[in-house]
Each structure stands twice: as structure tokens, then as C-alpha cells.
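>>> Task: produce atomic coordinates for the following.
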Amino acid sequence: MTATTPIPVSVLTGFLGSGKTTMLAHLLRQPEFSRTAVIINEFGEIGLDHELIETSEDNVVALTTGCLCCKVRTDLTQTLQDLLHRRDQGACTAFDRVVIETSGLADPAPVLHALMTDTDLARRVVLGGVVTTVDAVVGEATLERESISRKQVAVADRIVLSKLDLIDGVARSLLDRLAALNPGAATLRAVHGRIESENLFDAPLRAANDGALEISSWLALAQGHTHDHHDAEIKTYAIARTEPIRAVALTLFLEALAEHCGADLLRLKGIVYVAESPRRPAVIHGVQHVFHPPAWLERWPSADRTSRMVFITRRIPRLWVEVLLDAIAAEVDDVSAASSLYRD
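Take a look at the predicted model:
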């Protein structure tokens with residue numbers, strides 16, 4: 001990885017005791033994770049297993065695996081900047097991946113906001129995947145009782161079921177609950193923290209650029225599903241549009257969502273047919289009131305030119321979103337038509 005290649009920063013979240021640390025400790029022992037830096041939220045759980053971390057007075061410590069560990073003491077973006085500076089100066093072990101392990105009670109949204117909005121970091125890092133661990137033994141009860149656990153699942157790109165060694169099989173009701181909260185996320189399984197998945201932390205936007213298979217997976221809900229998924233106050237649904245959307249209409253639509261929905265828009269991701277760029281679709285990705293700059297694919301992954309957007313929301317009606325998009329698109333079309341008449 002060259003100095004100009006963005007470094008993927010992934011987020012590992014999950015409720016207290018759901019197996020994040022055990023799984024991460026296993027992954028860091030694998031050769032493919034030998035060039036990984038780890039940032040640990042110091043509030044709540046103790047970071048990694050104590051035998052993995054060497055004693056150090058600094059906030060960056062060497063792991064026995066050859067990786068780095070960094071505890072967040074103040075601002076996450078400053079921690080990342082300091083870590084990157086150390087890498088540039090050769091003052092720490094070189095790394096080409098960063099994993100942020102949040103505490104079990106943490107809302108992952110602020111972490112994602114920091115990664116998506118800091119302009120200095122944007123030159124150096126790219127948002128990787130969001131992985132959420134779920135305890136297969138008590139996960140269903142936790143989801144019922146703890147709203148933050150439902151949010152951790154809702155924003156995930158991949159869900160990992162842990163502690164499978166303690167039960168004979170995963171309850172169908174738990175799988176159904178996870179699918180209701182986040183039908184687009186792949187569900188993986190870990191035994192004693194061991195998980196065989198080389199692409200566990202792959203960045204969803206970078207994966208989307210690889211072709212049709214990844215787009216279909218990333219927008220799983222939009223592939224043939226037209227009904228709403230409900231789980232308490234969280235709703236997941238997809239909207240589709242066959243007509244191209246003007247760039248300014250898309251911008252105004254995202255701005256309106258950010259302004260009026262805020263924290264209730266848990267996640268939005270989609271592929272959009274932009275009128276001004278018919279051959280290159282835009283991939284959009286947002287968390288709450290923050291949206292990642294659109295990523296432009298080199299080509300459509302299939303013959304289907306339909307815009308597809310997947311929403312994971314809390315108390316935001318699907319009809320309201322559809323009416324908002326249609327109203328903005330119609331207004332932009334009317335203004336464009338009036339401008340053309342004036343010029344003529």
C-alpha cells in the first residue's frame with residue numbers, strides 16, 4: 001500500500017459481552033491481519049485480552065501479534081491523525097488497516113460521523129465495513145431490552161453471531177429478528193471467536209465498485225423485496241425509481257433528509273441513476289444526518305438502470321420519503337423546464 005492509497009478504517013461494534021474482543025483477538029493472530037492498527041474505546045469494556053498487549057505508558061502500544069493498539073482518550077479524529085503521523089514518521093509498526101472497537105454501550109453513529117466528515121482524514125482514510133457481534137445465547141433478550149443493541153445491528157454491513165459453542169443451534173426467532181432489523185446485512189458465525197472471513201472488514205463502497213455481485217449483496221433488500229420490515233420502532237424498506245434523477249434533485253433530497261430526519265435516519269445506502277451521468281451510477285451512503293460523498297461506478301453492474309435506495313429508519317414512514325423525493329424531483333423538473341423556455 002502506497003502513501004497515497006487510502007487506508008480503510010472499519011468499525012467493530014456490538015453489545016456488552018457479545019464477543020467483540022475475543023473475535024478481534026483471533027483475527028489479529030492471522031497473517032492477513034499482521035498490518036492492522038486497533039483503536040479501542042477505553043470506556044466500558046477492557047480492550048483486548050491482556051496477554052495481547054505489552055505494557056506501555058503511551059496511548060499507542062505494540063501488540064504481541066505485531067499490530068498496534070490505541071486507546072481513545074479524547075477525540076477520535078485526533079487519535080487517528082496522531083496514529084497516521086506516527087506511521088508517516090516511521091515511529092510505529094507500518095499498518096494498512098485500522099479497526100475501531102467501540103465499547104459495548106456505544107452508539108456507533110458518532111464514530112461513523114467522524115470518519116465521514118473530517119476533511120483532513122478524508123485524504124488519508126476511507127470508511128471500511130461496520131461489523132456487529134451478537135451473542136447467540138442471550139442476543140434475542142438483549143435486542144428486546146436494549147435499544148442501543150438494535151441500533152448496532154441496524155447500521156451493520158455484516159453481523160457475526162458469537163458463542164455458538166455454547167448452544168446446539170441458533171434460534172430461528174433470533175435470525176428472524178436480525179433479518180427484520182437489517183435484511184441487507186450478511187450474517188456470519190463465530191465459534192470460540194474464530195471466524196473464517198478474509199473480507200470481514202471490507203469497505204462496502206469499495207466492494208460496490210467491484211461489480212454486480214457486490215452491489216446485489218450491498219443492496220440486498222432492494223432485490224425483489226417490496227414490503228416493509230418492522231422491528232419495534234425501527235423500520236427498513238427500499239424505494240426504487242426507474243426514471244433518472246437529476247443531480248440537483250438528489251442533492252436536495254439528501255439535504256432534506258439530513259435536516260428533517262437527523263438521528264432517526266439510522267442508515268441509507270443506494271445506487272442512483274443520475275440524469276447527467278447515464279453511464280456511471282452514483283453510490284450513496286449515509287448515517288443519520290451525515291452523508292458520504294457519492295462514489296461513481298465506472299459502469300452499471302447490470303442492465304438494470306433502476307435507482308434503488310435502502311432506508312433503515314426509526315419512525316420515518318416510507319410514504320413520507322417517497323412523497324419527498326417525488327416532490328423535489330418534480331420541482332426541479334419544473335424549474336428546469338421554465339429555464340429552458342426563458343432561454344428560448
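>>> Longest helix in the chain, please.
Once the chain is assigned using DSSP state H, the helix that runs over the most residues is helix 318-343.
>>> which strands and helices sit next to that one?
The contact analysis (3 or more C-beta pairs under 8 Å, 6 or more residues apart in numbering; DSSP states H and E) places helix 318-343 against strand 234-241, helix 247-261. Just so you know, the C-beta spots here come from the backbone N, C-alpha and C atoms, and that holds for glycine as well.
>>> Repeat the analysis, applying 10 Å as the threshold.
strand 234-241, helix 247-261, strand 307-314 (3 or more C-beta pairs under 10 Å, 6 or more residues apart in numbering; DSSP states H and E).
>>> Show me what the longest strand along the chain pairs with in its sheet, parallel or antiparallel.
Longest strand in the chain by number of residues, with DSSP state E as the criterion: strand 125-135. Strand pairing for strand 125-135, using DSSP bridges, gives strand 7-14 (parallel), strand 158-162 (parallel).
>>> For the shortest one, list the C-alpha coordinates in CSV.
As requested, the backbone C-alpha atoms of strand 158-162 are provided in CSV (Å, rounded to 0.1, in the frame of the first residue of the first chain):
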residue,chain,number,x,y,z
ARG,A,158,-22.1,-7.7,8.5
ILE,A,159,-23.5,-9.4,11.6
VAL,A,160,-21.4,-12.0,13.4
LEU,A,161,-23.2,-14.5,15.7
SER,A,162,-20.9,-15.4,18.6
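>>> average pLDDT for that strand?
The pLDDT scores in strand 158-162 average 93.
>>> now swap in stretch 108-119 and tell me
Rounded mean pLDDT across stretch 108-119 is 83.
>>> Also stretch 261-269?
The average of the pLDDT scores along stretch 261-269 is 84.
>>> picking that back up, helix or strand next in line after the longest strand of the chain, which one?
helix 139-145 (DSSP states H and E).
>>> Can you name the residues in contact with that next one?
The contact list for helix 139-145, computed with C-beta atoms under 10 Å, 6 or more residues apart in numbering, reads 14-18, 104, 133-135, 138, 148-150, 152-153, 159, 161-163, 170-171, 173-178, 180-181, 231-232.
>>> Show me which of these are buried.
Buried members of the contacts of helix 139-145, counted by 16 or more other C-beta atoms under 10 Å: 14-18, 104, 133-135, 138, 148-150, 152-153, 159, 161-163, 170, 174, 177-178, 180-181, 231.
>>> In contact with the residue nearest the centre of the chain, which residues?
In the chain, the residue lying closest to the centroid (C-alpha atoms, centre = their mean) is V130, at 4.2 Å. Going by C-beta under 10 Å, 6+ apart, V130 touches 10-13, 100, 108, 111-112, 152, 155-159, 185, 201, 203-204, 267, 287.
>>> Looking at it now. What's its pLDDT?
pLDDT recorded at V130 is 92.
>>> P301 too?
79.
>>> Surely it is in contact with I271?
Yes. Judged on C-beta atoms under 10 Å, P301 makes contact with I271 at a distance of 8.0 Å.
>>> neighbour count winner among the two?
The neighbour comparison of P301 against I271 (other C-beta atoms under 10 Å) goes to I271, with 24 against 18.
>>> what's the helix or strand for that one?
Per DSSP H and E: strand 265-272 holds I271.
>>> Could I have the CA atoms of the helix or strand just after that strand written out in CSV?
Remark: after strand 265-272, the chain's next helix or strand is strand 282-287, criterion DSSP H and E. C-alpha atoms of strand 282-287 as CSV (Å, rounded to 0.1, in the frame of the first residue of the first chain):
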residue,chain,number,x,y,z
ALA,A,282,-23.8,7.0,-8.1
VAL,A,283,-23.4,5.0,-4.9
ILE,A,284,-24.8,6.9,-1.9
HIS,A,285,-24.2,6.1,1.8
GLY,A,286,-25.4,8.0,4.9
VAL,A,287,-25.6,7.6,8.6
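>>> Give me the buried positions along strand 282-287.
Those would be A282, V283, I284, H285, G286, V287, for strand 282-287 by 16+ other C-beta under 10 Å.
>>> same deal with stretch 139-159?
Buried, per 16+ other C-beta under 10 Å, within stretch 139-159: 139-140, 142-143, 148-159.
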